[in-house]
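S.K.: My questions are about this predicted structure, shown below with the sequence.
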Amino acid sequence: DGGITQSPKYLFRKEGQNVTLSCEQNLNHDAMYWYRQDPGQGLRLIYYSQIVNDFQKGDIAEGYSVSREKKESFPLTVTSAQKNPTAFYLCASSIQRQGPTEAFFGQGTRLTVV
Amino acid sequence: GESVGLHLPTLSVQEGDNSIINCAYSNSASDYFIWYKQESGKGPQFIIDIRSNMDKRQGQRVTVLLNKTVKHLSLQIAATQPGDSAVYFCAELGGTSYGKLTFGQGTILTVHP
């Protein structure tokens, strides 16, 4: 089945540790996105990538890093510099090859700092 | 700016009523808009989209209206059902064909049987 897959679904991290969230898509989409969602709030853009080997900061990039070495993959690392990392993280992708199109979302990763 | 500390507005309706969810967007250069539905613990799902050269688009039970003059979007859901209960977000893609997808604040819709 085609789609966008995030793993793991739940992730626990000790304070001071870096952790990497996986996002893979087999839709042949060019653009990929990472969002953070806090309880009862909207989606805030962390990073986005329009093409392989290129990415841009979103609105809340501090304490996060990404890479886009392959078209299918856009992993997000939550570093120890992120002061309040507990949140729901959503990855999305879209075609955007010939104009804007809707983004498709994964099912999210819930990160908890313990 | 960021919406840290803000909570989502709510809309409560009776089953069978029509629902209207509103969204104000910020970027006058945005040329593509999307409505998403998000159920608890899941990723957002696409509902309907509209491009800036249109002011209305209809889908199955849903209609999106775009007013570029006042930078306002609305989503109308006809004959609302309990399964429509969710959080609804508008999103905008700004200015160019390749750009960042930015989400609005969202609205919690609750449908009472």
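M.R.: Noted; the coordinates are in hand.
S.K.: Any idea which residue of chain A lies closest to chain B?
M.R.: Residue nearest to chain B within chain A: A:F105 (3.4 Å; CB to the nearest CB). Where you see a C-beta, it was placed from the backbone N, CA and C, and this is true even at glycine.
S.K.: pLDDT value on that residue, please?
M.R.: Looking at A:F105, its pLDDT stands at 95.
S.K.: Settle this for me: it is touching B:Q45, isn't it.
M.R.: Yes - A:F105 is within contact range of B:Q45, at 7.4 Å (criterion: CB atoms under 8 Å).
S.K.: Compare the two (neighbour count), which wins?
M.R.: Per other CB atoms under 10 Å in any protein chain shown, whichever of A:F105 and B:Q45 has more neighbours is A:F105, with 23 against 14.
S.K.: Across the sheet, point out what pairs with that one.
M.R.: A:A92 (DSSP bridges).
S.K.: low-confidence ranges in the chain?
M.R.: All of this is about chain A. Along chain A, segments meeting pLDDT under 70 span A:1-2, A:97-99.
S.K.: Oops, wrong one, chain B.
M.R.: For chain B (pLDDT under 70), the answer is B:1-6, B:95-99.
S.K.: need the contact list for the residue in it that chain A sits nearest to.
M.R.: Taking CB to the nearest CB, chain A has its nearest neighbour within chain B at B:G43, 3.4 Å off. B:G43 makes contact with A:L90, A:A92, A:F105, A:G106, A:Q107, A:G108, according to CB atoms under 8 Å, 6 or more residues apart in numbering or on different chains.
S.K.: same question, A:S73
M.R.: Counted by CB under 8 Å, 6+ apart, A:S73 has contacts A:S22, A:C23, A:E24.
S.K.: among these, who's most crowded?
M.R.: Busiest of the contacts of A:S73 [other CB under 10 Å] is A:C23, holding 24 neighbours.
S.K.: Can you report how many residues lie near the closest residue to B:N27 other than its chain neighbours?
M.R.: Nearest residue to B:N27, sequence neighbours excluded (CB to CB, 6 or more residues apart in numbering or on different chains): B:G94, at 4.4 Å. Residue neighbour count, defined by other CB under 10 Å, stands at 17 for B:G94.
S.K.: Please apply the same query to the one 10 residues further on.
M.R.: Other residues within reach of B:G104 by the criterion other CB under 10 Å amount to 22.
S.K.: got the residues of chain A near chain B?
M.R.: A:31, A:33, A:35, A:38, A:40-45, A:48, A:50, A:56, A:58-60, A:90, A:92, A:94, A:96, A:98-108, A:110 (CB under 8 Å from any CB of the partner chain).
S.K.: before we move on, the earlier item: common neighbours of A:F105 and B:Q45, please.
M.R.: By CB under 8 Å, 6+ apart, the residues touching both A:F105 and B:Q45 are B:Y36.
S.K.: ok so, going back, separation between the residue of chain A closest to chain B and B:Q60?
M.R.: To B:Q60, A:F105 is 20 Å away according to CB to CB, to the nearest Å.
S.K.: mind listing what the most centrally placed residue in chain A touches?
M.R.: Among the residues of chain A, the one closest to the centroid is A:W34, at 2.9 Å (CA atoms, centre = their mean). By CB under 8 Å, 6+ apart, the contact set of A:W34 is A:21, A:23, A:45-48, A:58, A:64, A:66, A:74, A:76, A:89-91.
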